[in-house]
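# got a predicted structure plus its sequence, pasted below:
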Amino acid sequence: MTLFGRLRRRLCLLAKGERGMALPTALFAIIASFGLASAAVMASVDTQRGTSRDQDSKSAIAVADAGASVAMMRLNRYANALNSSTPCLGVSGSTLTLSSVSADGWCPAISGTVGSSTYSYRTSPFVTGGTTSVVSTGTDGVVSRRIAVSFRTTTVGSAFSAEGVIGRDSISLDNNADIRVSIGTNGDVTIKNNASVCPGNIRYGVGRRIDPPDYEPCNGYSITSGNLTLPAVSTLMPTDIATNNSNYRLVKCRSTNNPVGCQLDNFVDKQGKTYPASPLSSRAITVDNGATLTLTGGDYFVCSLLLDNNSHLIMGNGAHVRIFFDTPENCGLTAGAHQIHVDNNSDISATGYQFSRGQFDMPGFYLLGSPNIQTYAYWSNNAGNAEMVLYGPNTDIEIRNNATFTGAMAGKTVHLNNNAIIKQDPGFVPPQIGGATIFARQSYVECIGATASPPNASC
């Protein structure tokens, strides 16, 4: 066989054989697998980036809302100090100070942090009786969100004009309890076992609930969600109340060296004996066993009030009585103490309260309470005719066992059971008890973009 023939034969064999195909096949398979894996990785990376941005966006809106809440808290705390000359709050170093408006007519920016996120807010200048706007920008990572919140202003007195019963943390009714005024709380409303709120609107807190959820309000009334800030009792109380008060009127006169003003308030027992003892001892007013105490002074400053066994507390005609209750810490009281206890057919009435004549002058009871020691205002066992305003944002209020309360009240919690009643007589106008200006949310919108001029542009 010639050389050419042998070469031709080998080439034919090589063309017909499959040796050497494994390598390119394997290479092609690896390249294809790598391409598919790369596509999956890129898709996963894109998803993770989207998820991360979504999380940043949610965090940004949350921290912007936190900034608006901080602004409201500071406005509520310092509202009494704001005026036409310094209608703003600013920051000097790390200290919050009164400030004038900036060149664009808005208050200076104030910044803060929540975890690893930051916020910056600006407020419109404070105007008495007007609406204040807050624009807050929250930033988390590379994402910023901006919101605008408007705050309306009110006072404790005007708050009572909308709601006769306010429970800061909760309101609960059970066992045929009956509230015949509008109610409001920043927490839950619970209405069970034939209890009712009628007539009246019902407000429960933002993010909270009414139980049962299908409770039907009275015809013509509504159920809404919203929050209200209650100022401290200290904003209503005279600064010199500890030394300048009407307590001296309750001191029993002695035969000699009588204190000035002793026994100016009338106190008689069931048999008609005047001042068998002093009704005030260790700053505790006690009226028991059918006795009657008539208050005719102004502001009293005490630790507790006990009415029991058919006793009566009366606000004298023409007297504008306010009773302020000191903190349980200052009074040496322990958790669970009753700073007001009205029981067993006892009652509180005001001679200046005659609704049939359109006269609604009633006393005010104000409890400082404590965030650390739980205390109560308590009515039970047919206690009735409680013609008064009761205000204690740190005090739990308990009305039970056929007790009746006429007027307006605000407490930390309000609980009624066993046929208890809270009502207001026809034509009742809550007294304007004044106090600090309260800021409460009125509207909330999200703005377009992270920054703007003016601050509320595109909101």
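Here it is on my side, so go on.

# OK, contacts around residue 233?
324, 366-369, 391-393 (CB atoms under 8 Å, 6 or more residues apart in numbering). In this view, the C-beta of every residue, glycine as well, is placed from N, C-alpha and C.

# tell me the one of the residues you listed nearest residue 331?
Lowest distance from residue 331 to those (CB to CB) belongs to residue 368, with 9.7 Å.

# isn't the closest one up against residue 325?
Yes: counting by CB atoms under 8 Å, residue 368 does reach residue 325; the two are 6.2 Å apart.

# neighbour count winner among those two?
Neighbour tally, residue 368 and residue 325, criterion other CB atoms under 10 Å: the higher count belongs to residue 325, 25 against 22.

# from residue 248, how far out is the nearest residue to that one once chain neighbours are set aside?
Distance criterion CB to CB, 6 or more residues apart in numbering; nearest residue to residue 325, sequence neighbours excluded, is residue 367 at 4.3 Å. Residue 367 sits 22 Å away from residue 248, taking CB to CB, to the nearest Å as the criterion.

# so between these two, which is more surrounded?
Comparing residue 367 with residue 248 by other CB under 10 Å, the one with more neighbours is residue 367, at 27 against 16.

# separation between the more buried one and residue 184?
Noted for residue 367: a distance of 19 Å to residue 184, by CB to CB.

# cool, and residue 233?
19 Å.

# with residue 358 instead?
26 Å.

# next secondary structure after the strand or helix carrying residue 161?
Residue 161 belongs to helix 156-162 when assigned by DSSP states H and E. Downstream of helix 156-162, the first helix or strand assigned by DSSP H and E is strand 165-174.

# just checking: what are the partner strands of that next one?
Partners of strand 165-174 in the sheet, by DSSP bridges, are strand 183-185 (parallel), strand 188-191 (parallel), strand 404-417 (parallel).

# ok, and what's touching that strand?
With contact meaning CB under 8 Å, 6+ apart, strand 165-174 is reached by 159-160, 179, 181-193, 195-197, 228, 230, 393, 397, 408-417, 422.

# 6 Å instead, please
In this structure, residues lying in contact with strand 165-174 by CB atoms under 6 Å, 6 or more residues apart in numbering are 179, 181, 183-193, 195, 230, 393, 409-417, 422.

# now the buried members of these.
179, 181, 183-191, 195, 230, 393, 409-417, 422 (16 or more other CB atoms under 10 Å).

# residue ranges with poor pLDDT in this structure?
For the chain, applying pLDDT under 70 flags the ranges 1-53, 128-129, 154-158, 431-437.

# show me the strands in the stretch 1-150 of the chain, by range?
Ranges of strands in the stretch 1-150 of the chain, per DSSP state E, counting those that start in this stretch, are 88-92, 95-99, 110-114, 117-123, 132-140, 143-154.

# one step back: from the contacts of residue 233, pick the one nearest residue 90.
In terms of CB to CB, no member of the contacts of residue 233 lies closer to residue 90 than residue 393, at 28.6 Å.

# tell me how far the residue nearest to that closest one when sequence neighbours are not counted lies from residue 240.
In this structure, residue 393 finds its nearest non-sequential neighbour in residue 230, 4.3 Å apart by CB to CB, 6+ apart. Distance of residue 230 to residue 240, given as CB to CB: 24 Å.
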